[in-house]
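[1] Using only what follows, build the 3D model:
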Amino acid sequence: AEDGIRDVERSRGLGDVYKRQGRRIYLGKGVGFPMLMQLIKGERIEGVAYSVNEDLYDTFNEFLRVNHLTPISLRQGKEEGIHAKVYIVEGNPRICYIGSANFTEGGLISYIEALVELRSEYISSKLKEYLCLKETLGRKKVAKELLEENIIIMDSELPEFSSSLEDRVLELMKSERVVIISPYIHKEVLEKYIGVLGRNFSELMIFTGLFNSRIEKVTYDSLKYLEEIWPSLRGLKLKVYLIKDLHMKGVISDKGALIGSSNFTCPGLGIINNKRRIEVDILLNRDDGEKLWSTMYNVLLKYKEEEIESPEKLKEVLEKLKERMDMNTPKEAPDEEVVEPPKYSVKISIEIESEVIVEKEFSGSEGNVEDLSREIAEYIKGEIRKIQKLVKDEVRIRLNSQHKNFIRKLKDNLIKELIKEVPSIS
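    Numbers count the residues shown, from 1 in each chain. Just a heads-up that it's a prediction; the model follows:
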């Protein structure tokens, strides 16, 4: 490929690519082809992807063995909580690919993806080391070394690195022009960023996905939030595009760009994680961000289903989307994002004269507080009946959880449920 930005119409199905100082960025459908071409050269590919299609994986390896080439060695990250997509070519030099593409037919061929190719022995070896390490101290050291190379690791088991991704996104969004690309966008993340920073933008563009009913529900909730705040964003040029087959993730602004595996969601950005989660993204400078945007804009617009530039158009799209959601039956989402509300744990202590008599842990989400409070109330009533056969002292209930909003709602519901049985809940 020639240096610079290649015209979209001449990309011949390989998406789009530009090259800079040992780095190429592949965009569009078919981003897996350049990586797979390394196999024909006899190179070995190792790595990890959240989703690895077993039939596709076995078919490739059978072909490689029959033709005396080196088989692929990939881990499926789903069970380990690894949402990153990292592929390492053991050639000379070593090459690594970081981006959004799973090792599936969709990821390699038919979804709109982004893969960054880095010809770097150092980054390739450090990424491989990080993904093989089990102990926290070693991962922390390697994540810090990668951060110096603008490779951002979000690891929910390393809080300081969870916040590093969020900090980079926040810094990019402190800009006049911002572009958000993500098939999944959580309403809560829009509230966190746009609600606070919206007055600083002069132009905001959002590209999000429409695959099936599961993603449509997430998109619908996010668009409803934009409908609420649009009147307050005076002077802001806001555009929202619904893109068919979008799976790429990224944030681009006047300050640079961040692309990789992180969706614009609570788990994706490390804002809320109920279980282990690892993401890998790469931070690009301002020049690369501008090139990426000028190329990607044309690629994305080829697949747009809706373009929203006004509150009136947004209302129309919401109505159409609602009809689609009502008609469609839920299917398995092509992506791996968890969209269910986060679960919180709460410890219930039953005390007499400040002495803990019984303790038990429960878990639930803000969406099922009423059901959870009824379950806890029945448990407490049963335990109080046992205790009061032995003592006549006043019984107190203590709730303990790190999540203040959740515990407040739960406490309010429990007071209603236990008003006759328990005089004190704290």
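[2] now the helices for this structure?
    Counting by DSSP state H, one finds helices in the chain at the ranges 32-40, 54-66, 105, 121-132, 136-147, 159-173, 187-197, 213-229, 286-301, 311-327, 369-388, 404-417.
[3] can you put the ones you listed in TSV and add distance to Phe362 and mean neighbour count?
    Just so you know, the C-beta spots here come from the backbone N, C-alpha and C atoms, and that holds for glycine as well. Converted to TSV, those look like this (distance: least, Cβ to Cβ, whole Å; neighbours: other Cβ atoms under 10 Å):
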stretch	distance to Phe362	mean neighbour count
helix 32-40	44	17
helix 54-66	37	13
helix 105	42	13
helix 121-132	35	19
helix 136-147	28	16
helix 159-173	25	18
helix 187-197	23	18
helix 213-229	27	18
helix 286-301	45	18
helix 311-327	32	13
helix 369-388	6	16
helix 404-417	9	16
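[4] rank these by pLDDT, which is bottom?
    Mean pLDDT across the helices of the chain is lowest at helix 404-417; the value there is a mean of 68.
[5] Ignoring the adjacent residues along the chain, who's closest to Phe60?
    When the adjacent residues along the chain are set aside, Phe60 lies closest to Ile72, with 5.8 Å between them (Cβ to Cβ, 6 or more residues apart in numbering).
[6] my read: that neighbour touches Tyr57, true?
    Yes - contact criterion Cβ atoms under 8 Å: Ile72 and Tyr57 qualify, at 6.8 Å.
[7] Who are the contact partners of Arg119?
    Neighbour list for Arg119: Gly22, Arg23, Pro93, Arg94, Ile95 [criterion: Cβ atoms under 8 Å, 6 or more residues apart in numbering].
[8] Let me know the pLDDT of it.
    91.
[9] Show me the two of the contacts of Arg119 that sit farthest apart.
    With Cβ to Cβ as the measure, no two of the contacts of Arg119 lie farther apart than Arg23 and Arg94, at 13.6 Å.
[10] what about these two, which has more around it?
    Neighbour comparison, Arg23 and Arg94: the larger count goes to Arg94, with 19 against 15 (by other Cβ atoms under 10 Å).
[11] do you know how far that one is from Arg75?
    Noted for Arg94: a distance of 18 Å to Arg75, by Cβ to Cβ, to the nearest Å.
[12] Got the phi and psi for Glu148?
    Per-residue torsions, Glu148: phi -70, psi -20 (degrees, to the nearest 10).
[13] Share the number of residues neighbouring it, please.
    8.
[14] Show me what Ile112 is bridged to.
    With DSSP bridges as the criterion, Ile112 is bridged to Leu246.
[15] from here on, count from 48
    New numbering, starting at 48: the last item is Ile159.
[16] Surely Arg91 touches Leu121?
    No - contact status for Arg91 versus Leu121: not in contact, 11.2 Å apart, counting by Cβ under 8 Å.
[17] Spatially nearest residue to the residue nearest the centre of the chain (excluding sequence neighbours)?
    Nearest to the geometric centre of the chain sits Gly315, at 2.5 Å (Cα atoms, centre = their mean). Sequence neighbours aside, Ser309 is the residue nearest to Gly315 in space, at 4.4 Å (criterion: Cβ to Cβ, 6+ apart).
[18] who's in contact with that neighbour?
    Contacts of Ser309 (Cβ under 8 Å, 6+ apart): His130, Met201, Leu212, Lys296, Gly315, Leu316, Glu326, Asp328.
[19] related to what we said a few turns ago, so which of the contacts of Arg166 would you say is closest to Glu182?
    Nearest to Glu182 among these, with distances taken as Cβ to Cβ, is Arg141, at 24.2 Å.
[20] The closest one against Ser167, yeah?
    Yes - between Arg141 and Ser167 there is a contact under Cβ under 8 Å: 7.3 Å.
[21] Give me the distance between Val236 and Val216.
    For Val236, the distance to Val216 (Cβ to Cβ) stands at 9 Å.
[22] scratch that, Ile142
    Here Ile142 is placed at a distance of 27 Å from Val216 (Cβ to Cβ).
[23] Ok, Lys349 next?
    The value you get for Lys349 to Val216, if Cβ to Cβ is used, is 27 Å.
[24] ok, now Thr106?
    According to Cβ to Cβ, Thr106 stands 37 Å off from Val216.
[25] same check, this time on Gln85
    Applying Cβ to Cβ, the value for Gln85 to Val216 is 31 Å.
[26] same question, Glu408
    In terms of Cβ to Cβ, Glu408 sits 33 Å off from Val216.
[27] Glu192: what's its closest spatial neighbour, skipping adjacent residues?
    Spatially, and ignoring its direct neighbours in sequence, Glu192 is nearest to Lys173 (5.7 Å; Cβ to Cβ, 6+ apart).
[28] Wait, the one you found touches Leu194, no?
    No - using Cβ under 8 Å, Lys173 makes no contact with Leu194, being 10.4 Å away.
[29] Pull up the distance across stretch 314-326, start to finish.
    10 Å (Cα to Cα, to the nearest Å).
[30] Quick one: mean pLDDT for it?
    82.
[31] List of residues touching it?
    Applying Cβ under 8 Å, 6+ apart, the external contacts of stretch 314-326 come out as 124, 127-131, 199-204, 209-210, 212-213, 216, 229, 231, 235-236, 239, 296, 307-310, 313, 384-385, 389-390.
[32] Pull out the buried positions in it.
    Going by neighbour count (16 or more other Cβ atoms under 10 Å), the buried part of stretch 314-326 is Pro314, Gly315, Leu316, Gly317, Ile318, Ile319, Asn320, Asn321, Arg324, Ile325, Glu326.
[33] Excluding chain neighbours, give the residue nearest to the last one in space.
    Pointing back at Glu326 there. Nearest residue to Glu326 in three dimensions, chain neighbours excluded: Met201, at 4.0 Å (Cβ to Cβ, 6+ apart).
[34] Now for that neighbour, how many residues are close by?
    What Met201 shows, counting by other Cβ under 10 Å, is a neighbour count of 28.
[35] Make sure it is actually in contact with Ser211.
    Yes - using Cβ under 8 Å, Met201 is in contact with Ser211, at 7.4 Å.
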